[in-house]
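>>> Need coordinates for the following:
(chains A and B, ligands or ions: 1)
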Amino acid sequence: MGTNVRLTRSGGFAGLSMVADVDLDSLPKPTAEEVRAALAEVDFDPPARRARRGRSTRSAPAPGPADMYQYDLVVKDGAGKDRTLTVHEPISDPRLQTLFGALLPLAQPE
Amino acid sequence: MLHSHNHRVPLACIAPPDILRDIIIGGTEEERRAAADTMAVDQSFRTLRAAFSAMTASTPVLMRPMGGMGGKPNRTIYDQQHSNAYAPGVVARTEGSKKVKDVAVNEAYDGFGATYKFFWEVLGRNSIDNAGMPILGLVHYSTNYANAFWDGQGNMFFGDGDGQLFIRLTASLDVIGHELTHGVTQYEANLVYQGQSGALNESMSDVFGSLVKQYAKKQTADQADWLIGNDVVGPTLKPALRSMKAPGTANPYDKQPDNMEDYVNTAADNGGVHVNSGIPNHAFYVTATTIGGKAWEKAGRIWYDALRDNRVRPTTGFKSFARATVRQAQERFGDTAAEVDAVRAGWDKVKVKL
Ligand SMILES: [Zn+2]
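Predicted structure coming up:
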């Protein structure tokens, strides 16, 4: 089994979840390569998350902003080791910007 | 649609109220705004707010921060020119200036005007912070962006829409009212955007967004459509985004519950803040239609007083907020008034036990 990637963009004013659930092998080659390359660069354990660990499993956003998007990423590599990441806008990591930019056009409303 | 940017000058979060107060009176505009932000986000914001209110009450009118006596908005609309940056773009229209060619710019300007007018004339509130805070709209944000948001720092962003989910978001008065109300909520109860307090935060924006629209159209509760976003939805979300009258029925993807038994537990959307807001939304609808007449006159006033109730905290959930609405209705209309029964009926309908 190849790598499966599931990206959920939730929230926003609409509160509509957009989901891209793809097996990389089934994608057109250039897109698959782009996603693979971006995934290799993603930090699934960013400092903010490391600091939070042990205190709370929830990634609560800072107070104030409203109707901005939340992104949940689940990557299954077939070896039983899932990698997950939850982030909220604003997203400053260019690696995540690239990855989400490649996956969002494949997303459908849920 | 993704960005890296932070434009507000950070101000020490440990500044005591009297220092913040001095900055608000004597600082530059940037410092005043930063101080106001700090006051709004500080954990002890209630204390700060009380100190601030006491100060403004005894300060001559001329020294009042930013807004003078109130009654007039201070709007600036920026054209983001499809950039993903959070920094304000090109100034497109300022307060008092003439109409421009750009429809979105004029819609944001007029929508803010109608929203300011509603809060001022109906609730006596002078802008977002009740101290004349400038109202800033940033239009043409990003490319095909089907969203609008409040950034928590005084800026409201509006996309042009993707034509599928939404057309340009400025074309809806309830959307503009919704976003500005997020600012009002931040400066009042500062409801944490997660779980039940987050759903209440969302509901406040739908309630007052809808009331802004009803006030502009001079509609009674019976005449109003109680829909959110019906003027801007695209084919996917037609005919509307949300319905306060019948949550869960606005479009094929609408999953809003209309009572506590169907509360949605989810990790998405900060714990389903845009889904579970259907519950307090419907409680407001039932209260307003039970009272009858113009919804902003009594039901709207009760909800606004509850948002400002000192016992409503950033982490307040549905039940505590419901109790605050009953308390405020009793204070304003009397313990045994019909309005109090209507509030109780609203929460009873959505199965929030008082
Ligand atoms: Zn909202």
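
>>> Do a quick rundown of the strands in the chain.
You didn't say which chain, so I picked chain A. All strands of chain A, identified by DSSP state E, fall at A:4-11, A:18-23, A:69-76, A:83-88, A:108-109.

>>> wait, chain B
Remark: strands assigned in chain B by DSSP E are B:75-79, B:90-94, B:135-139, B:148-150, B:155-158, B:227-228, B:242-243.

>>> which one of these lies closest to chain A?
Of all the strands of chain B, strand B:148-150 sits nearest to chain A, with 3.9 Å by C-beta to the nearest C-beta. C-beta: built from backbone N, CA, C; applies to glycine.

>>> hmm, the closest one touching the ion?
No. Legend: contact between strand B:148-150 and the ion by C-beta under 5 Å from the ion is lacking; minimum distance shown is 7.2 Å.

>>> Ok, stretch B:259-271 next?
No. Stretch B:259-271 is not in contact with the ion by C-beta under 5 Å from the ion; minimum separation 10.5 Å.

>>> The chain: helices as residue ranges?
With no chain named, the answer covers chain A. For chain A, applying DSSP state H gives helices covering A:29-41, A:47-52, A:94-103.

>>> try again with chain B
Counting by DSSP H, residue ranges of the helices within chain B are B:17-26, B:29-41, B:45-57, B:103-123, B:173-187, B:195-217, B:269-276, B:278-291, B:301-307, B:318-333, B:338-349.

>>> what sits against B:A216?
Taking C-beta atoms under 8 Å, 6 or more residues apart in numbering or on different chains, we find B:A216 in contact with B:114, B:118, B:173.

>>> From these, list the ones also adjacent to the ion.
Of the contacts of B:A216, not one also sits near the ion (C-beta under 5 Å from the ion).

>>> Show me which of those is closest to the ion.
When the contacts of B:A216 are ranked by distance to the ion (C-beta to the ion), B:L173 comes first, at 14.9 Å.

>>> The closest one touches B:A108, doesn't it?
No. Between B:L173 and B:A108 there is no contact under C-beta atoms under 8 Å: 10.8 Å.

>>> For the two, indicate the residue with more neighbours.
When B:L173 and B:A108 are compared for neighbours, B:A108 comes out ahead with 30 against 23, by other C-beta atoms under 10 Å in any protein chain shown.

>>> who's in contact with that one?
Residues near B:A108 by C-beta under 8 Å, 6+ apart: B:77, B:137, B:139, B:156, B:158, B:170, B:176.

>>> Read off the pLDDT value for the first one.
Which is B:I77. The confidence metric pLDDT takes the value 98 at B:I77.

>>> What of the one 5 residues further on?
For B:H82, the model assigns a pLDDT of 98.

>>> now swap in B:M1 and tell me
If you check B:M1, the pLDDT there is 42.

>>> The one 4 residues further on now?
In this model, B:H5 is scored at 42, pLDDT.

>>> re earlier: just the helices of chain A: most buried one?
Of all the helices of chain A, helix A:94-103 has the most neighbours on average by mean count of other C-beta atoms under 10 Å in any protein chain shown, namely a mean of 19.

>>> helices or strands up against that helix?
strand A:4-11, helix A:29-41, strand A:69-76 (3 or more C-beta pairs under 8 Å, 6 or more residues apart in numbering or on different chains; DSSP states H and E).

>>> give me that answer again for 10 Å
strand A:4-11, strand A:18-23, helix A:29-41, strand A:69-76, strand A:83-88 (3 or more C-beta pairs under 10 Å, 6 or more residues apart in numbering or on different chains; DSSP states H and E).

>>> B:A114 - nearest residue in space that isn't next to it in sequence?
Using C-beta to C-beta, 6 or more residues apart in numbering or on different chains and skipping the chain neighbours, the partner closest in space to B:A114 is B:A216 (5.0 Å).

>>> mind checking how far the residue of chain A found nearest the ion is from B:A148?
Ranked by C-beta to the ion, the top residue of chain A for proximity to the ion is A:D67, at 4.1 Å. Applying C-beta to C-beta, to the nearest Å, the value for A:D67 to B:A148 is 6 Å.

>>> sorry, back to before: which of the strands of chain B has the highest mean neighbour count?
The highest mean neighbour count among the strands of chain B, using mean count of other C-beta under 10 Å, belongs to strand B:242-243: a mean of 29.

>>> does that one come close to chain A?
Yes. Using C-beta under 10 Å from any C-beta of the partner chain, strand B:242-243 reaches chain A at B:R242.

>>> re the thing from before, just flag whichever of the helices of chain A has the lowest average confidence.
helix A:47-52 (a mean of 66).

>>> Next to the ion, which bits of chain B? Give me the list.
Going by C-beta under 5 Å from the ion, the residues of chain B near the ion are B:S205.

>>> Show me where chain B dips below the pLDDT cut-off.
B:1-68 (pLDDT under 70).

>>> how much space between the residue most central in space within chain A and B:G113?
By C-alpha atoms, centre = their mean, the mean C-alpha position of chain A lies nearest to A:L73, the distance being 3.0 Å. From A:L73 across to B:G113, the span is 41 Å (C-beta to C-beta).

>>> Same check on B:G195?
Computed as C-beta to C-beta, the B:G195 to B:G113 distance reads 34 Å.

>>> can you check B:T315 too?
34 Å.

>>> A:S92 now?
34 Å.

>>> who has more neighbours, these two?
Legend: neighbour count by other C-beta under 10 Å for A:S92 and B:G113, higher for B:G113 (17 against 13).

>>> Just the pLDDT for A:L16.
97.

>>> Let me see the contact set for it.
Residues in contact with A:L16 (C-beta atoms under 10 Å, 6 or more residues apart in numbering or on different chains) are A:9-10, A:109-110, B:146-147, B:165, B:236-237, B:241, B:251, B:253-255, B:269, B:274.

>>> Fine by me, we can end here.
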